[in-house]
Every structure is written in C-alpha cells, then in structure tokens.
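Undergrad: Next one to model:
(2 chains)
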Amino acid sequence: MTPQPCVHEPEVVAAVLSRRWPEACDESLRAHAEACEVCREVVEVAALLKEDYDEAREAIAQRDVPLPSAGQIWWRAAVKARVEAAEAATRPLVWGYGVAAACAVALLIAGASAAWPSLLPAFDRLPSLTQWMPPVTLATDAVMAALKAQLPVVVGVAAFLIAVPVALYVALRED
Amino acid sequence: MSGLVLSELERLAALEEAERTFPMNEEEFRAFYEITSRPVWVYLTRMTGDSRLADDLLQEAYYRLLRTKATFESDDHRRNYLYRIATNLVHDHRRRPRADREPLEDAERQPAPESLTGSESRVARRIDLARAMARMKPRERSMLWLAYAHGCSHEEIAEVLGLKTSSLKALLHRARRRLAGFLTPAGDGGTP
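TA: Residues are numbered from 1 along each chain as shown, chains lettered A, B, ... in the order given. From the prediction side, this is the model:
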C-alpha cells in the first residue's frame, strides 16, 4: 500500500526546525498534529534529528582538530588540480617511452634474425669449446641443437616477456 | 595524492590557475564554504559515523565541486550538488572493503564523556537515535537527515539522492516509519 503523506507535514517540519514547535506555532497546527498520526511521527523524528544536528554543530567548536579553513581547502584543491594536470600531461610521454622501448626490442630481434646466418659458424665451434667441461646431462646436445635452430625466437620471446611488463609498469604506475 | 612534488613557484602558479579554471573565485568559495562546511561535515559524520573520515571526505567533496564542469543557477543548487557529491563519497567509501572501518554505532556515535554530565535523558535520546539510525539503510539515513535535520524539500532531497520526487515521498514516509519504530521501546528488539 502506498503511504499517504499529510499536506501539513512541511509546516510541521518548518515549525520544529525553526524551534517554534510547540509553543510558538499556530494553535490549529498543534491541534492537527495531535490528531494526525503522520504529523505526530514527523514531530518525534524531526525534533530528535534537529537536536542531534544542533549538538553536532556545537561540538565542532570543541574538537581538537578544527575544520579546515576555506583558504586551506582552496589551496589544497589548487595544488591537487595542478598535480593532476601535470600527471595527465606526462602520461602520454610515459606511454611514448613504453612504445619506444617496445620498438627497440623489436629492432633488436629483427637485427638478431638478420645476423643469425653469420652467427651459425660460432655455434658450430661451441661443442669444441665446451669439450673440457664435464658432461652435464645426456640432453645437452639436444638442447644445444634446439637452441641453435630456434635461438632468435627464444631470445625474442624472452625479451618480449621481460620488456612488456616493465614497459607497462612504467606506464601505469601511479606513485 | 601523487609522487609529483611542486616547487613554491609551481604552487603559486597553481593558485593562479585555480582562479582561472575553478568555477568560482576564492572569495565566492570562502563565502560558500562558510555557509555549507559545518552542515556538510555534520552530514558526513552522521552518515559515516567517523569524524576523521568526515574530515577527509569534506575536503574531497569541495575539491570535486571545484573541479566540476557543471554550472549552477544559484547557491542552493550548488549546495544540493555538494550534498550529492558528499552522498556519493559516503556510498563509495561504504562499497570499499576496509578492515579498519568502524561500524556506525561505534566511537563517534557514542556520547562524549563530558556530555554525560548534562541531561541524562537527552543523552539517552541521542544514543537511541544513533542506534536506530545505524539500523537504517544508507539511503534512508541520508533522506531522513536531509529532510528532518536540514529541512530540505522533497525536490532538493530527490536531486541530492538522484531519485524521482514522486518516489521520494513514499520512500521518506517508509523510512520515517521504520525509524519511529526503532525509537519506540518495542522496536528495540526487532529486526530492520
């Protein structure tokens, strides 16, 4: 069921909040409020909340930490706005650094790929260089062969996995 | 805030920039702040139950008001907008999970020791009101406070809370009934 408000409610609230209730307000309004369940309830609730509000306002003056002055609020807002504007201005620059780092990694990979054929003979000599070392595992030869075949890809993936989180961290960090 | 640190020169530039970019000048702001800061702080304190948090939210509310692109027809309109910001800040804070958040009925809502030397019945009424308000839903608390502590009209409350005026009347009526129910001795043991 939709509750039915009373048309006198605003008058009753105004009387309570202006401290005219009950003595200094109209006799007719007082008589109405005594008979009207809604207005009785409004008086009860409004009187309590108004009292609480007034006490809380008075308590502000007795606080150890007073409310900040308008000048302090204005000053802090101005500085904060300036800092936010500076951050907003530097954000594209940071993203630019990230993109530049990613491009550098891509160039490195491309360069390594292009130079790969000339590096192959060095890998052929690698087993002779490691002959003096004790055999580590039976899989060493297989691993070396796989590296030899896929090294540009492995280096590229590794560089990408390292560079992307670093670039994102630099670009997105707040503090 | 930020890791960026401003020099003294930049701070002065910030003040000049504020005069240009904020929707009111410092003098207007001072006048508006003098009128509104205490009621808004009391509202924030009663809605959050934490005066220290209210201090922080008060500053943030005015900051957002100063940064808004909205235009205001009057100071009343601006004040309603400020209450709307304050209400949203309280709701945002409530949604944020925080282990150190105190429940509304704790700490700040309890009477200060010195007030116990005054009228005991008044103190008892305050405690009853604090407990009853703590059992209300956040939106009900806001609308009751705005209606019966601040004396805002239904239209103003609807604007602050983002509701239709026609819905507000019924919601306010129900909220008031619930609060009155909690305030009566029989309502103490009931569930909200």
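
Undergrad: Which other helices and strands does the lengthiest helix in chain B contact?
TA: Looking across chain B with DSSP state H, the single longest helix is helix B:26-48. The criterion is 3 or more CB pairs under 8 Å, 6 or more residues apart in numbering or on different chains; DSSP states H and E, and the helices and strands that helix B:26-48 contacts are helix A:37-61, helix A:70-129, helix B:51-67, helix B:75-95, helix B:138-148. Glycine gets a C-beta too; all of them are placed from N, C-alpha and C.

Undergrad: Report the contact partners of the closest residue to B:Glu17 other than its chain neighbours.
TA: If you skip the residues right next to it in sequence, B:Glu17 has A:Arg82 as its closest partner in space, 6.2 Å away by CB to CB, 6 or more residues apart in numbering or on different chains. When the contact criterion is CB atoms under 8 Å, 6 or more residues apart in numbering or on different chains, the partners of A:Arg82 are B:Leu6, B:Glu10, B:Arg11, B:Ala13, B:Ala14, B:Glu17.

Undergrad: mind checking how far A:Arg82 is from A:Glu55?
TA: Plainly put, A:Arg82 is 39 Å away from A:Glu55 if you go by CB to CB, to the nearest Å.

Undergrad: before we move on, the earlier item: with secondary structure and pLDDT as new columns, can the contacts of A:Arg82 be given to me in CSV?
TA: Output for these, formatted as CSV (DSSP: H, G, I helix; E, B strand; the rest coil; pLDDT from 0 to 100):
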residue, secondary structure, pLDDT
B:Leu6, coil, 66
B:Glu10, helix, 77
B:Arg11, helix, 75
B:Ala13, helix, 80
B:Ala14, helix, 78
B:Glu17, helix, 82
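
Undergrad: Closest to B:Pro39 out of those residues?
TA: B:Ala14 (28.4 Å; CB to CB).

Undergrad: Give me the neighbour count for the closest one.
TA: The number of residues packed near B:Ala14 is 21, by other CB atoms under 10 Å in any protein chain shown.

Undergrad: So it sits against A:Arg76, correct?
TA: No: the pair formed by B:Ala14 and A:Arg76 falls short of the contact definition of CB atoms under 8 Å, at 10.0 Å.

Undergrad: For A:Pro5, find the nearest of the helices and strands packed on helix B:26-48.
TA: A:Pro5 lies closest, by CB to CB, to one member of these: helix A:37-61, at 6.5 Å.

Undergrad: How about the closest one, which residues are buried there?
TA: Within helix A:37-61, the residues that count as buried by 16 or more other CB atoms under 10 Å in any protein chain shown are A:38-53, A:55-56.

Undergrad: between it and helix B:26-48, how big is the angle?
TA: For helix A:37-61 and helix B:26-48, the angle between their directions (axes from the mean of the first three to the mean of the last three CA atoms, to 10 degrees) works out to 120 degrees.

Undergrad: B:Thr165 reaches B:Cys152, doesn't it?
TA: No: counting by CB under 8 Å, B:Cys152 is not a contact partner of B:Thr165; they are 11.8 Å apart.

Undergrad: Compare the two (neighbour count), which wins?
TA: Neighbours were tallied for B:Thr165 and for B:Cys152 using other CB under 10 Å; the higher tally belongs to B:Cys152 (21 against 13).

Undergrad: Just give the number of residues close to the nearest residue to the more buried one once chain neighbours are set aside.
TA: Setting aside the residues directly before and after it, B:Cys152 is nearest to B:Leu146 in space (CB to CB, 6+ apart), at 4.3 Å. Using other CB under 10 Å, B:Leu146 has 24 neighbouring residues.

Undergrad: Now do the same contact list for the closest residue to B:Pro39 other than its chain neighbours.
TA: The spatial neighbour of B:Pro39 that comes closest, neighbours along the chain excluded (CB to CB, 6+ apart), is B:His150 at 6.3 Å. By CB under 8 Å, 6+ apart, B:His150 lies in contact with A:Tyr53, B:Pro39, B:Tyr43.

Undergrad: State the number of residues packed around the last one.
TA: Using other CB under 10 Å as the criterion, B:Tyr43 is surrounded by 29 other residues.

Undergrad: Am I right that it is in contact with B:Ile85?
TA: No: between B:Tyr43 and B:Ile85 there is no contact under CB under 8 Å: 11.3 Å.

Undergrad: Below-threshold pLDDT in chain A: ranges please.
TA: For chain A, the stretches flagged by pLDDT under 70 are A:1-3, A:120, A:123-141, A:148, A:171-175.

Undergrad: Can you give the domain ranges for it?
TA: The record's domain split for chain A, according to automatic domain parsing, is A:9-61, A:85-172.

Undergrad: does chain B sit close to the first one?
TA: Read that as domain A:9-61. Yes: residues of domain A:9-61 are located near chain B by CB under 8 Å from any CB of the partner chain, namely A:10, A:13-14, A:16-17, A:38, A:41-42, A:44-46, A:48-53, A:55-57, A:59-60.

Undergrad: end-to-end on that domain?
TA: Taking CA to CA, to the nearest Å as the measure, domain A:9-61 stretches 33 Å from start to finish.

Undergrad: and it, how far from the chain's centre?
TA: Here the centre of domain A:9-61 is set off from its chain's centre by 44 Å, with CA atoms, centre = their mean, to the nearest Å.

Undergrad: And for stretch A:92-101?
TA: Its chain's C-alpha centre lies 21 Å from the corresponding centre of stretch A:92-101 when counted by CA atoms, centre = their mean.

Undergrad: rewinding a little: how about the longest helix of chain B: buried residues?
TA: Within helix B:26-48, the residues that count as buried by 16+ other CB under 10 Å are B:26, B:29-30, B:32-33, B:36-48.

Undergrad: quick one, that helix and helix B:51-67 angle?
TA: Between the axes of helix B:26-48 and helix B:51-67, defined by the same axes, to 10 degrees, the angle is 140 degrees.
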